[in-house]
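Novice: structural data only, the sequence is not supplied:
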């Protein structure tokens, strides 16, 4: 028996302008007005920037200013480099690269919306027909569920930072969302076009972050195909799998033809993918449980409720398809030797879809509890952001101002009227949303998650406007790069270094430092990165032949451990 009884009034969809406004409020803050940040954001930008300003070999052999990155898959970097070439002259290279990020967010969100909409229109997902009529139409019901999936997706805490980075992760999420849409089409229509499209999406996933995730998804879908209809399972094996392999083969063959020596790079890429696999351990299980709880909030509890509520119809496509993605992805995460947050990202699209079908079955008490938790928690977070900003700008309250200054020593606050206006408008919008939700108590399905999504967006907007200058100051290597450039001569030279990929990318972009790329320590300058706690500095220096004179020593003010030293070779 179906667990859903609804009146048509419960399926009033969000206005299109509201969805567009939420999308813009979500994705634009954090993309505009900042430098590439330390770690993966700067590293990925460095590869894209190197490709955009390099030659054919840079397109085929990924590198950061001469440092090879053989374990990386190329697709995301190619797309980012294309955006730099198209828009870099107008927007600047960092923002142009983040155009790629915005496009990926759009593709992933639209794919999730349409996939949920199609499943929501199916007969098995419809609510029970009422004795005297008044139940919603399949189209209105599907559209409302799609709105709910979109809001849940935006409200996922783990998506916030990662969806604004310039990295392959944003393309991976988009392609998982598109694979969901293609899978729905395959099981719904079984048309050849959609079967091939699914293979294309899986093949592009291989070119984005390796083959482990797409193989896991394909295994899940093939298994579901044989359970539901043997013909679908056979078509996935006979058509989808070769389509995905064809995409991968096109990349490998093209690279080998244009660059015959690339076989070593491909072997390293393949070895890196195989190295990810291991037997499940308590460490990976603990990481999955401890990080997954907050990373996938609020999707996972609503999704769990959906599985319970629809437990008698688990083979229905609106449950079976997201589960066919979720289960193999979870297994793949537990088998992965690397316990990274980014491994959890592919869970979010299928979790949001599954959670959308839990919304119609939620009890009023549960909905009210989610609402009050969201209002209290997120309003408190927004208030703390405001109070901290006031303390940072005015010096009062004194204790908070001192704590803010410790986050970025040497930072000088600068008032921005635009940031203040945007922050005030976003806060006013939040207050109106809370008042509307709590005073009118609309019966629509998405009421349970609109406050969660709205509150998350509010906090993100406040952080990326009021606090963006300080955050950018603490996470950017621009200041250190300019200090190093001031110590280097204007004539042609090269620099030997041991700095990490993020630092190398930042120094190459901000200071145009020509790093050595032949791994033969023959440059006249040496840039070393180590820890301030290192008591044996000379041992690190002895690894490089020759005699050296220290020219400069420094670090980012916000990082007390990291240290850089610039040397010049003595003749």
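Specialist: Arrived safely, thanks for sending. Since we're looking at a predicted model, the values are computed, not measured.

Novice: how about low-confidence regions in this protein?
Specialist: In the predicted model of the chain, residues 1-2, 131-132, 518-521, 535 satisfy pLDDT under 70.

Novice: please enumerate the strands of it.
Specialist: Using DSSP state E, the strands found in the chain span residues 63-64, 67-68, 495-497, 525-531, 548-554, 562-569.

Novice: give the partner strands of the second one in its sheet and their orientations.
Specialist: Strand 67-68 has these partner strands in its sheet, going by DSSP bridges: strand 63-64 (antiparallel).

Novice: residues making contact with the strand it pairs with?
Specialist: For strand 63-64, contacts defined as Cβ atoms under 8 Å, 6 or more residues apart in numbering pick out 43, 46, 47, 50, 69, 501, 504, 505, 508, 517. For glycine as for every other residue, the C-beta is placed from the backbone atoms N, C-alpha and C.

Novice: give me the buried subset of these.
Specialist: Taking 16 or more other Cβ atoms under 10 Å as the criterion, what is buried in the contacts of strand 63-64 is 43, 46, 47, 50, 69, 501, 504, 505, 508.

Novice: how about residue 532, what does it touch?
Specialist: 555, 560, 561, 562, 563.

Novice: what is the neighbour count of residue 489?
Specialist: Neighbours of residue 489 under the rule other Cβ atoms under 10 Å: 9.

Novice: before we move on, what about residue 414?
Specialist: Residue 414, neighbours per other Cβ under 10 Å, totals 9.

Novice: can you tell me the closest non-neighbouring residue to it?
Specialist: Among residues not flanking residue 414 along the chain, residue 469 sits closest, at 6.3 Å (Cβ to Cβ, 6 or more residues apart in numbering).

Novice: ok, the one you found touching residue 412?
Specialist: No. Judged on Cβ atoms under 8 Å, residue 469 makes no contact with residue 412 at a distance of 9.5 Å.

Novice: quick check: the residue nearest to residue 420 when sequence neighbours are not counted vs residue 331, distance?
Specialist: Leaving out its chain neighbours, the residue that sits closest to residue 420 by Cβ to Cβ, 6+ apart is residue 466, at 7.4 Å. In this view, residue 466 and residue 331 are 42 Å apart by Cβ to Cβ, to the nearest Å.

Novice: neighbour-wise, which of the two wins?
Specialist: residue 466 (23 against 14).

Novice: contacting residues for the more buried one?
Specialist: Going by Cβ under 8 Å, 6+ apart, residue 466 touches 385, 386, 389, 419, 420, 423.

Novice: how many residues are close by the closest residue to residue 362 other than its chain neighbours?
Specialist: Leaving aside its sequence neighbours, residue 362 sits nearest to residue 448 (Cβ to Cβ, 6+ apart; 5.7 Å). Residues within reach of residue 448, counting by other Cβ under 10 Å, total 26.

Novice: now do residue 439
Specialist: Counted with other Cβ under 10 Å, residue 439 comes out at 8.

Novice: rewinding a little: looking at residue 469 and residue 412 now, which is surrounded by more residues?
Specialist: Using other Cβ under 10 Å, the more surrounded residue of residue 469 and residue 412 is residue 469, with 20 against 8.

Novice: could you find the closest non-adjacent residue to residue 284?
Specialist: Distances taken as Cβ to Cβ, 6+ apart put residue 334 closest to residue 284, at 5.3 Å, once the chain neighbours are dropped.

Novice: kindly report the same for residue 306.
Specialist: residue 358 is the one closest to residue 306 (Cβ to Cβ, 6+ apart), at 3.0 Å.

Novice: tell me the contacts of residue 232?
Specialist: With the criterion set at Cβ under 8 Å, 6+ apart, residue 232 makes contact with 186, 187, 190, 225, 226.

Novice: same thing but at 10 Å, please
Specialist: 186, 187, 190, 195, 221, 222, 224, 225, 226, 240 (Cβ atoms under 10 Å, 6 or more residues apart in numbering).

Novice: next: residue 418.
Specialist: 33, 465.

Novice: now do 8 Å
Specialist: By Cβ under 8 Å, 6+ apart, the contact list for residue 418 reads residue 465.

Novice: from residue 480, how far off is residue 377?
Specialist: Note on residue 377: its distance to residue 480, by Cβ to Cβ, is 37 Å.

Novice: my error: substitute residue 213 in the last question.
Specialist: Distance from residue 213 to residue 480, counting by Cβ to Cβ: 35 Å.

Novice: next one: residue 360
Specialist: From residue 360 over to residue 480 the distance is 53 Å, taken as Cβ to Cβ.

Novice: where is the longest helix in the chain?
Specialist: Looking across the chain with DSSP state H, the single longest helix is helix 364-394.

Novice: what residues sit buried inside that helix?
Specialist: For helix 364-394, a neighbour-count test (16+ other Cβ under 10 Å) marks 367, 370-371, 374-375, 378-379, 381-382, 385, 388-389, 391-393 as buried.

Novice: thank you kindly, that will do.
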